[in-house]
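Colleague: give me the fold of what follows.
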Amino acid sequence: WLLAATADGRLLGFDALSGEPTWQAKRPGPLSSPSAGFGHVFVLGEGGRLFAVPFDGKSPGWTFTAFTPDGQPLTLAGAPCLFGRRLYLGTAADRLVALDLKDADGPINWAVPGGSAQRNGRVVPPEELPGS
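Modeller: Numbering: from 1, shown residues only. Take a look at the predicted model:
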């Protein structure tokens, strides 16, 4: 498959060999570049939210919003990056958010030594990033 996301919120899947459209979905856009895994397409959309859109079209998927330790919402920015079972995202406030994924059910708490899970993920402040 080849995946594309549009400014108006369309997610498109194409057969990599033929170029024929094979899948589509819509979420509030504009959308970031997509990342795929666990039967979902992960994309950032309107309001800096993460959308997990299922390929099967049967389940609704899920949405994630990041929060600071004191409960303030963080605007996610850039494009999601999937590595193993972890999905990484940046924020407009120069923070890193990492979500552990359990199958296709959504993020699970990520317990990190020296820190605690923030809702369904771990927000890493800039001063804790390597090289800071």
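Colleague: show me the shaky parts of this structure.
Modeller: Within the chain, the segments meeting pLDDT under 70 span 102-132.
Colleague: now do the strands in it.
Modeller: Counting by DSSP state E, residue ranges of the strands within the chain are 2-5, 10-14, 21-26, 35-37, 40-45, 49-54, 62-64, 66-67, 73-74, 76-83, 86-91, 96-101, 107-108, 122-124.
Colleague: of these, flag the one that's most buried.
Modeller: strand 40-45 (a mean of 24; mean count of other Cβ atoms under 10 Å). All C-beta atoms are positioned from the backbone trio N, CA, C, and that covers glycine.
Colleague: adjacent strands (with direction) for that strand?
Modeller: Paired with strand 40-45 in the same sheet, following DSSP bridges, are strand 35-37 (antiparallel), strand 49-54 (antiparallel).
Colleague: got JSON lines for the ones you listed, with distance to T22 too?
Modeller: Converted to JSON lines, those look like this (distance: least, Cβ to Cβ, whole Å):
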{"stretch": "strand 35-37", "distance to T22": "13"}
{"stretch": "strand 49-54", "distance to T22": "14"}
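Colleague: list just the one of those strands that sits closest to W1.
Modeller: Closest to W1 of the strands paired with strand 40-45, according to Cβ to Cβ: strand 35-37, at 7.4 Å.
Colleague: quick one: contacts of the closest one?
Modeller: Here strand 35-37 makes contact (Cβ atoms under 8 Å, 6 or more residues apart in numbering) with W1, L3, V41, F42, V43, F55, A79, P80, C81, L82, L87, L101.
Colleague: residue contacts, the fifth one?
Modeller: For V43, the contacting residues are A5, L11, R27, L31, S32, S33, P34, S35, L50, F51, V53, P80, taking Cβ under 8 Å, 6+ apart as the criterion.
Colleague: quick one: the third one and F42 touch, right?
Modeller: Going back to what we said before, that points to R27. No - R27 lies out of contact with F42 (Cβ atoms under 8 Å); the separation is 10.8 Å.
Colleague: list residues touching both of those two?
Modeller: Counting by Cβ under 8 Å, 6+ apart, the residues touching both R27 and F42 are F51, V53.
Colleague: quick one, which of the strands paired with strand 40-45 is nearest to T65?
Modeller: Going by Cβ to Cβ, the one of the strands paired with strand 40-45 nearest T65 is strand 49-54, 5.3 Å.
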